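S.K.: Take a look and give me a structure for this.
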Amino acid sequence: MSLLEEMRRHVKKLEDLRKHEDPRLSFSTPEFREAQRIFTDNFKKNFGKPVEWAFVKKHEWSKPQLVKLDKPVDVDGNPWPLDNQGKPILKA
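M.R.: Numbers count the residues shown, from 1 in each chain. I've put the predicted structure just below:
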C-alpha cells in the first residue's frame, strides 16, 4: 500500500466521521461568527449600560485601583444622562 492510498483512506475515514457531526457545534459557521461579532461589539459598548466602576490612577505613578465613579459615564467617557433622582437612564 502506498502512502497516497493510506492518506486517501484516512481522509475518507475522517469525512465519514464528520458526516454525523452536528454543524451547530462548529466555531467556523457563519452564524457563529456573526453571533460572536455582535457579542464583541456589544461588549465594547458595555451592553448599552453606563460605566459606574473603573480602574483609576490617583497619581501618574500609582497603580490603577477599582473605584466607583461619582457619576456614570459611557464607554467614551462622556456623562451618562440621569433622571430626576440621579439614577442613570437605561436604554430600552
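S.K.: ok, Phe32 - how many residues close by?
M.R.: By other Cβ atoms under 10 Å, 14 other residues sit near Phe32. C-beta: built from backbone N, CA, C; applies to glycine.
S.K.: Mind checking what secondary structure it has?
M.R.: With DSSP: H, G, I helix; E, B strand; the rest coil as the basis, Phe32 sits in helix.
S.K.: Could you check how far it is from Arg24?
M.R.: 8 Å (Cβ to Cβ, to the nearest Å).
S.K.: Val11 now?
M.R.: 24 Å.
S.K.: Packing partners of the longest strand seen in the chain?
M.R.: In the chain, with assignment by DSSP state E, the single longest strand is strand 65-73. Contacts defined by 3 or more Cβ pairs under 8 Å, 6 or more residues apart in numbering; DSSP states H and E place strand 65-73 against strand 51-56.
S.K.: List the buried residues for the strand it packs on?
M.R.: The neighbour-count check on strand 51-56 (16 or more other Cβ atoms under 10 Å) flags nothing as buried.
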